[in-house]
Structure formats: C-alpha cells, structure tokens
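J.: Give me a 3D structure for the following:
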Amino acid sequence: MTGMLASVNSLNESRLILNTSVDIIDLKQPEQGALGALSTETVQDIVQAVNKKKLVSATVGDLPMQPELIFNAVSKMADTGVDYIKIGFFPDGDWQGTVSKLSTLTEQGHKLIAVLFADTQPDLNFIKSLKIAGFSGVMLDTMNKVKGSLSKVMTVSEIKSFVRIAKDSGLLCGLAGSVKEHEIPELLKLEVDYIGFRGALCHKQNRTAQLNIEFINSILSHFETEMTV
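T.: This next block holds a predicted model:
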C-alpha cells in the first residue's frame, strides 16, 4: 500500500497535517532550495508536538557532496529524534565517500533516505551502494522545480527501473518532484512505499506558499480510494 508524504515548513503546518490521514510529515524549508533544511530547534519542536502520532522525516539542506560536511549535518539532525533523515545526492562531489562515511550512522540505527534527482540523470546502479552502506530507503525527486514534474523529466520506463532496483535492494522506495494531482493514479500503479507532495498542497500550487487543507484532502482522496480497491 502506497503512503502519502506531505512536506511542512513550520510547527503550525505540522499541526495541520497531524489532523489528517497523511502517513509521513516531512520537514523542510522550500524557500531554501529543493531540500532546504529547517533549523534543528524547529525540527525538535515539531517532533515533540507530533509525539510519535505519525512518522517524521527531515532534510539536511542542499549541501555539496562532501563526506565530512554531510556526516556532521546528518548527525546533528539525528539528535532531534526524527524517524528518517533525507540526504540529497546532488551532481558531482564524492558520492561513494559520503555513503561510506554515513554507514557509521546507519550502524547506530539511524534511518537514512537518499534522494536522487531525476532531472540530473542519476546513475541508478548507485542504489546498490546505498544498500551496502545500510541506508533505509531511496527516493526520486526533482532538483529544478521549474522544469516540470517527475513524470516530465524522467520517462515512465526510467521510473519503473528505479522502482525495480530499489525494491530488489530491499529499500524503501519513494517518488516526489512537483507531482500533480492528475499524475497520482499512474504513479500509484507502481506500488512504491510513498509519494511526496508540497506544491500540490499549497495555495496556487506554489511550494513556498502555505498549505491548503482543501488541496491536502483532495490529494489524500486518491490514496484513500486505493485502500478500498
């Protein structure tokens, strides 16, 4: 069964989501990039407010792929008590060195999710390295939000390949990237673990605007329909 992830940028937005059937509350600051991070203080406040009523994930920011830098950011975020920590794998930099460094944290039980960006033509074979390093999951997102949704920057065949490799590796598998409501039925057919949203939940479909409960409920209806099929 595919779950729904909703990204929030504040304590107030997290409280709004808490009263819905959304599965994962994702913490990030859209104004600071594809995976802009909230302060650890804000994240900690939200974790305490959610109080384990839902799963909580958080991003560590749009950081260059430098092992020590990423390791320190993830370690700091881990101290907030979030369930999952999302790390964006941006073009260039030391991907292999980064996952090797982060394996220390996965060995300690921290659940890490790698975010690959569809519009950067990522090497899907790298997913195998994530499994070896003890990552809990991997997701596809888009880095440039003006280029269009995930389905516009990656073919259905490529998305299916990502899903197959992730599942074969025994990793949680997620999709996101400016997903539009009309695209949900086709993505649900892929049977991923979750699909993430931000822009589609906001006023005027603007990811930096505030969440709109009507849009949230409209998106949720697709997941609730799946449960009854």
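
J.: avg pLDDT for stretch 167-174?
T.: Mean per-residue pLDDT for stretch 167-174: 98.

J.: if we look at that stretch, which residues are touching it?
T.: 5, 113, 127-128, 130-131, 135-140, 162-163, 166, 192-196 (CB atoms under 8 Å, 6 or more residues apart in numbering). In this view, the C-beta of every residue, glycine as well, is placed from N, C-alpha and C.

J.: next one: it to chain centre, how far?
T.: 14 Å (CA atoms, centre = their mean, to the nearest Å).

J.: swap in stretch 218-228?
T.: 20 Å.

J.: just stretch 204-216 next, same as before
T.: 17 Å.

J.: Return the set of buried residues in it.
T.: By neighbour count with 16 or more other CB atoms under 10 Å, stretch 204-216 contains the buried residues 207, 211-212, 215-216.

J.: Which stretches in this structure count as helices?
T.: 11-18, 40-50, 67-78, 95-107, 127-132, 150-153, 156-168, 184-188, 213-228 (DSSP state H).

J.: Now do the first one against helix 213-228, angle only.
T.: Taking axes from the mean of the first three to the mean of the last three CA atoms, to 10 degrees, one finds helix 11-18 and helix 213-228 inclined to each other by 30 degrees.

J.: In terms of secondary structure, what does helix 11-18 contact?
T.: strand 3-8, strand 24-27, helix 40-50, helix 213-228 (3 or more CB pairs under 8 Å, 6 or more residues apart in numbering; DSSP states H and E).

J.: Burial-wise, tell me which of these comes out on top.
T.: strand 24-27 (a mean of 26; mean count of other CB atoms under 10 Å).

J.: Packing partners of it?
T.: Partner elements for strand 24-27 (3+ CB pairs under 8 Å, 6+ apart): strand 3-8, helix 11-18, helix 40-50, strand 55-59, strand 194-197.

J.: Can you tell me how far the residue lying closest to Ser178 once chain neighbours are set aside is from Gln48?
T.: Spatial nearest neighbour of Ser178, excluding adjacent residues (CB to CB, 6 or more residues apart in numbering): Ser149 at 4.3 Å. For Ser149, the distance to Gln48 equals 34 Å [CB to CB, to the nearest Å].

J.: burial count for Pro91?
T.: 13 (other CB atoms under 10 Å).

J.: Run through the bridge partners of Gly196.
T.: Leu5 (DSSP bridges).

J.: Would you agree it is in contact with Ile25?
T.: No. The pair Gly196 and Ile25 does not pass the contact test of CB atoms under 8 Å, sitting 10.9 Å apart.

J.: Give the residues shared as contacts by these two.
T.: With CB under 8 Å, 6+ apart, Gly196 and Ile25 have common neighbours 5-6.

J.: just to revisit the earlier point, kindly write the ChimeraX command that selects the buried subset of the contacts of stretch 167-174.
T.: The command below creates a ChimeraX selection of those among the contacts of stretch 167-174 that count as buried (16+ other CB under 10 Å):
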select :5,113,127,130,131,135,136,137,138,139,140,162,163,166,192,193,194,195,196
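
J.: tell me the contacts of Val99?
T.: 114, 129-130, 132-133, 135.

J.: separation between it and Thr106?
T.: 9 Å.

J.: shared neighbours of those two, which are they?
T.: 133, 135.

J.: follow-up on the earlier one: reformat the helices of the chain as a markdown table; add distance to Ala118.
T.: Shown next, in a markdown table, are those (distance: least, CB to CB, whole Å):
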| stretch | distance to Ala118 |
| --- | --- |
| helix 11-18 | 25 |
| helix 40-50 | 26 |
| helix 67-78 | 21 |
| helix 95-107 | 16 |
| helix 127-132 | 13 |
| helix 150-153 | 5 |
| helix 156-168 | 8 |
| helix 184-188 | 13 |
| helix 213-228 | 20 |
